Structure formats: C-alpha cells, structure tokens
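Novice: with the sequence up front, the predicted model follows.
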Amino acid sequence: MRKITSPLNVKNLNLKNRIVLPPMATAKALEDGSMSEEILSYYDEKTRDGDLALVIVEHSFISEEGRANKKQISVASDDMVEGLKKLSALLHKNGTLGVMQINHAGLYAKPNDPFILPAGPSALPGQNIHVLGEEGIVQIIADFAQAARRCRDAGFDGVEIHSAHGYLLNQFYSPLINKRTDAYGGSLTNRIRLHMEIIQAVRKAVGSDYPVFLRLGACDYKEGGTTIEDSVYASRIFEKEGVDLLDISGGYCGYVHPTEKSQGYFREITEELKKAVDIPVLLTGGITDLDAADAILEKNQTDLIGIGRAIYKDSHWLHEALEKLKK
C-alpha cells in the first residue's frame with residue numbers, strides 16, 4: 001500500500017487515506033452568508049467520487065465585523081446552523097469527513113454594513129481602521145468560541161481556526177503588522193496570546209473530544225516577518241493548548257511560496273514541525289501529482305496532503321489519479 005492511500009487517525013477521526021481538500025473560497029453563499037444550493041452543488045460535485053478522506057470547508061465569518069467578502073459563508077448566528085447541517089450531511093453521504101474553517105478577516109474585513117470599520121492589532125498608514133482594545137478582543141474570542149460550537153451543532157466533524165493569509169490572527173502573529181506594545185504585541189509569546197485565548201475558549205465551547213485544527217500562516221518570507229523557527233515555537237504551544245492538527249500555509253505571502261515552485265512547496269516548514277510536535281501536520285501547495293505527494297509522505301515531511309487547485313479545475317482528477325496509482 002502506498003502511504004498516500006494508508007489510513008490515519010486524527011484525534012477521534014478515522015481518515016481513510018491521506019488526501020484532503022483544503023479550504024478554497026467560492027463566494028457562493030447567499031447575501032447574508034446563509035447556505036445556498038450553489039454551495040451544496042459545488043461540494044457535491046467535488047466529493048461525489050468518494051475518494052477524499054477529509055474536506056476542510058472554505059473560511060466562514062464569525063461576525064459581520066469579520067466578514068472577508070460578499071457571499072462568504074456565515075457561522076455568525078445560530079440561524080445559520082440548519083443550513084450548515086445540509087452541507088455536513090452531504091459530505092457524510094459522499095463518504096468524506098467535513099471540518100469547517102472559521103475566520104475573522106481583521107484589517108481585510110469587508111462588512112456589508114459600510115459604517116463598520118475594519119479592525120486589527122495596529123494602525124496602518126493610509127487605512128481608516130479600528131485598533132482593537134480589550135473589549136473588542138474579548139468579543140472576538142467569544143465570537144470564535146460560539147462559531148466553533150455552531151460547527152459542532154451543525155454536524156461537522158471538527159473546526160479549523162484560520163490564522164493564515166494575512167487575516168486577523170495572522171495579523172497578530174506577524175511582526176510586520178502587529179506593532180502593539182501591550183500584552184498582545186512585541187514578543188512572540190505575546191503575539192500568539194490571542195491564539196491561545198481563542199483555542200482555550202473554543203475548546204471549552206466544543207468539549208475535550210471535538211477535533212480542533214489550526215491553519216497557520218507559518219512563514220511570511222519577508223524581512224522582519226515570521227520565520228520557521230517562530231512557527232516551531234508557536235506550534236508546540238498550540239499543541240499544549242489543545243490543537244489536534246496543524247494545517248500549514250503561508251502568512252503574508254498568501255497560499256503561494258515566493259521563490260519555491262516545486263510540488264509541496266511549504267514542505268520545509270512541515271518537515272520541521274513534524275520534528276517538534278506529536279499532532280498531525282497537513283501540507284498544501286501546488287501538488288498536482290500523487291507520486292510526488294506520496295514521496296513527500298515517505299520522506300516523513302508531512303502526515304497529510306492537501307490538493308486544492310487540481311481538484312478545483314477537475315472534480316474527477318483525484319479519482320482518475322488514484323486509479324492510475326493502482327496500476
């Protein structure tokens with residue numbers, strides 16, 4: 001058996017293979033963020049072949065203040081739970097586990113209400129923003145916890161906290177943006193304080209048995225930004241606080257590597273994290289060939305492989321690639 005087709009346990013989840021559909025925004029929700037037939041149809045098409053072990057559903061906003069885009073999925077209200085149940089049930093019917101990603105866009109927020117200012121850790125030149133104070137931070141922690149509870153109530157198999165691609169938690173993590181001088185800024189320990197408080201609140205809201213993932217923008221690849229060493233330090237703490245899986249992507253470079261273009265281009269990060277933590281690590285980044293993915297797994301550079309664009313372009317790509325692997 002190839003390693004890519006071997007099973008893996010993540011907390012109490014039994015993954016039938018090592019292949020994950022990572023979160024990719026579709027902007028197919030209704031105006032208020034509620035579930036649409038378009039979303040259900042999209043995920044049905046991507047999972048109907050039954051080959052994926054896990055789907056991490058695209059980022060959903062935890063509050064109107066944290067909305068990233070129009071037609072983004074909402075987990076900001078209990079009213080959304082019934083619609084979300086339709087998506088989790090569809091994924092299960094198609095033979096895959098489903099984890100919901102929850103997010104606050106921070107400085108990149110685009111609320112439907114034009115009077116709500118984007119909020120972030122620090123002021124930025126030329127931007128009209130709200131610098132978060134203690135009250136705002138407490139509210140965001142509560143919003144993440146309640147959003148996670150809604151994901152559990154909606155039947156998803158886990159929840160993923162988004163701290164990558166320059167969104168709010170990544171803004172606190174990165175010294176390129178976080179210029180605070182209080183308990184949430186300066187040292188790396190301070191810059192991940194909000195992460196720790198959110199993880200603790202989420203864990204309290206969903207219970208000890210519910211899987212909690214974290215997507216980490218592990219390296220900014222910019223002078224003065226976060227480094228792989230920072231992520232090793234942070235990941236050890238996230239594991240202690242109750243994170244069950246680390247999903248690795250880029251920070252202010254987004255989901256691409258600025259210089260490395262080979263398949264699995266963030267593997268230098270996941271390889272180091274695997275040496276530092278005992279929880280599984282998920283690698284995404286330009287993978288379009290299962291042989292290449294299997295080689296990365298065999299080298300122990302990651303535990304799971306995220307394949308996004310290839311499946312986005314061709315819903316049957318994975319099924320055909322797995323059939324070729326058997327020959």
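Specialist: Structure's in. What do you need?

Novice: okay, CA-based contacts and neighbour counts for the rest of this
Specialist: OK.

Novice: any idea of the pLDDT on residue 252?
Specialist: Residue 252 carries a pLDDT value of 73.

Novice: stretch 283-303: which residues count as buried?
Specialist: 283-288, 290, 293-294, 296-297, 301-303 (16 or more other C-alpha atoms under 10 Å).

Novice: any chance of JSON lines for these, columns secondary structure?
Specialist: Output for those, formatted as JSON lines (DSSP: H, G, I helix; E, B strand; the rest coil):
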{"residue": "283", "secondary structure": "strand"}
{"residue": "284", "secondary structure": "strand"}
{"residue": "285", "secondary structure": "coil"}
{"residue": "286", "secondary structure": "coil"}
{"residue": "287", "secondary structure": "coil"}
{"residue": "288", "secondary structure": "coil"}
{"residue": "290", "secondary structure": "helix"}
{"residue": "293", "secondary structure": "helix"}
{"residue": "294", "secondary structure": "helix"}
{"residue": "296", "secondary structure": "helix"}
{"residue": "297", "secondary structure": "helix"}
{"residue": "301", "secondary structure": "coil"}
{"residue": "302", "secondary structure": "coil"}
{"residue": "303", "secondary structure": "coil"}
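
Novice: ok, the residue most central in space within the chain - contacts?
Specialist: Centroid-nearest residue in the chain, with C-alpha atoms, centre = their mean: residue 215, separated by 3.8 Å. Contact analysis of residue 215 by C-alpha atoms under 8 Å, 6 or more residues apart in numbering lists 160, 161, 162, 163, 164, 246, 247, 248, 249.

Novice: what's the helix or strand for the first one?
Specialist: Under the criterion of DSSP states H and E, residue 160 resides in strand 158-163.

Novice: mind checking how far residue 59 is from residue 191?
Specialist: 22 Å (C-alpha to C-alpha, to the nearest Å).

Novice: residue 224 now?
Specialist: From residue 224 to residue 191 the distance is 14 Å (C-alpha to C-alpha).

Novice: who has more neighbours, the two?
Specialist: Neighbour tally, residue 224 and residue 191, criterion other C-alpha atoms under 10 Å: the higher count belongs to residue 191, 26 against 10.

Novice: that one contacts residue 176, correct?
Specialist: No: in this structure, residue 191 is not within contact of residue 176 by C-alpha atoms under 8 Å, at 11.3 Å.
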